[in-house]
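Asks: Sequence first, predicted model second:
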Amino acid sequence: MHKLLLLFLIASISSSTTDESKEIITICTNSLLSSLPPAFCWKKGADAGIIPKNCPKGFIRKAALCEEKCRPNYRFIAGLCYQNCKSGYKDHGLTCYSKFFKWYFKHSYIPKRLTNFDKRITCPGKMYHSGALCYRDCRIIGLQNCGIGTCAIDGKTCKDNVINMVVTVLTGGLNMLTKVFTMGGKKPFANIDTSLINTGIDKLGNEHMNNIFKHVKQVLATGKDYIHKEAYKKA
């Protein structure tokens, strides 16, 4: 919908004859562009998640658990639901007593319990449930949840950015490791062609993944050989 509207505004600018009309359409176009969500972004202040406090209907919160409410005529005592005594009987803890030979054990049962991992656990508004925590939901701004701390326009953009970050961190870590082993010598990864990474990020499916991991293997192999050679020279 946004794309169609944007194309319409651009076409309107091209076909407009007066400067005033072009200025109005330009302002509208800029406003539209500023309202579009980014393709990939980090959540403000990250998102460590919060512990859910809500429980499904028929359950009550007990510390980190949601416990099923006891049936009518039952009471919750120390993790169990105990039946109330019948009329004419006194409550003696686990038993109901009337006379010496007229008493009985209370019926009891263990109510159902839900942990925070249960899919039936609900989160506050504008948050979604994942694992045992609630996180801010990217869908309220028109994006998809990409992990717990980022938002993306679609699944491919999410995957591409995550892979790119992993490869960047991995390459930087190897350069640092090599610098330590070679005592500040040359960086073997400085001249490595990173086009495979950029190409891989722009592609879909298995080809995309294979190109990325082939490059990572190349970096690892090159770095390993270089470290061994430098260590041998300094020995």
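Replies: Great, that's in hand.
Asks: how far away is the residue nearest to Ala46 when sequence neighbours are not counted from Asn161?
Replies: Leaving aside its chain neighbours, Ala46 sits nearest to Gly149 (5.1 Å; criterion: C-beta to C-beta, 6 or more residues apart in numbering). No exception for glycine: its C-beta is placed from N, CA and C like everyone else's. Counting by C-beta to C-beta, to the nearest Å, the separation of Gly149 from Asn161 is 12 Å.
Asks: Looking at those two, which one has more neighbours?
Replies: The neighbour count for Gly149 versus Asn161, taken as other C-beta atoms under 10 Å, is higher for Asn161 (18 against 15).
Asks: Need the per-residue pLDDT for that one.
Replies: What the model reports as pLDDT for Asn161 is 82.
Asks: That one: what's its closest spatial neighbour, skipping adjacent residues?
Replies: Phe40 (4.8 Å).
Asks: all strands of this structure, in order?
Replies: Along the chain, counting by DSSP state E, strands occupy 40-42, 59-62, 65-68, 74-77, 80-83, 90-92, 95-99, 102-105, 108-109, 113-114, 127-130, 133-136, 144-146, 150-152.
Asks: can I have the longest one written out in PDB, keeping just the CAs?
Replies: Looking back up the chat, that one is strand 95-99. Taking C-alpha atoms only, strand 95-99 is exported to PDB below (Å, rounded to 0.1, in the frame of the first residue of the first chain):
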ATOM      1  CA  THR A  95     -10.300 -35.300  58.300                       C
ATOM      2  CA  CYS A  96     -13.900 -34.200  59.000                       C
ATOM      3  CA  TYR A  97     -15.100 -35.300  62.400                       C
ATOM      4  CA  SER A  98     -18.600 -35.800  63.900                       C
ATOM      5  CA  LYS A  99     -18.300 -38.600  66.400                       C
END
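Asks: Return the list of helices and strands in contact with it.
Replies: strand 90-92, strand 102-105 (3 or more C-beta pairs under 8 Å, 6 or more residues apart in numbering; DSSP states H and E).
Asks: Equivalent analysis for the last one, please.
Replies: With contacts defined as 3+ C-beta pairs under 8 Å, 6+ apart, strand 150-152 has these neighbours: strand 40-42, strand 144-146, helix 155-181.
Asks: okay, now the nearest residue to Leu133 once chain neighbours are set aside: neighbour count?
Replies: Distance criterion C-beta to C-beta, 6+ apart; nearest residue to Leu133, sequence neighbours excluded, is Gly49 at 3.3 Å. By the measure other C-beta under 10 Å, the count of residues near Gly49 is 18.
Asks: can I assume Gly49 is in contact with Tyr128?
Replies: No. Between Gly49 and Tyr128 there is no contact under C-beta atoms under 8 Å: 10.2 Å.
Asks: Mutual contacts of these two, please.
Replies: Applying C-beta atoms under 8 Å, 6 or more residues apart in numbering, one finds that Gly49 and Tyr128 are jointly contacted by 134-135.
Asks: rewinding a little: any idea how far the residue nearest to Asn161 lies from Met127?
Replies: Relative to Met127, and taking C-beta to C-beta, Phe40 is found at 21 Å.
Asks: Likewise for Lys156?
Replies: Per C-beta to C-beta, Lys156 is found 25 Å from Met127.
Asks: hey, which of the helices and strands packed on strand 150-152 is tucked in deepest?
Replies: Burial of the helices and strands packed on strand 150-152 is given as mean neighbour count (mean count of other C-beta atoms under 10 Å); strand 144-146 ranks first at a mean of 19.
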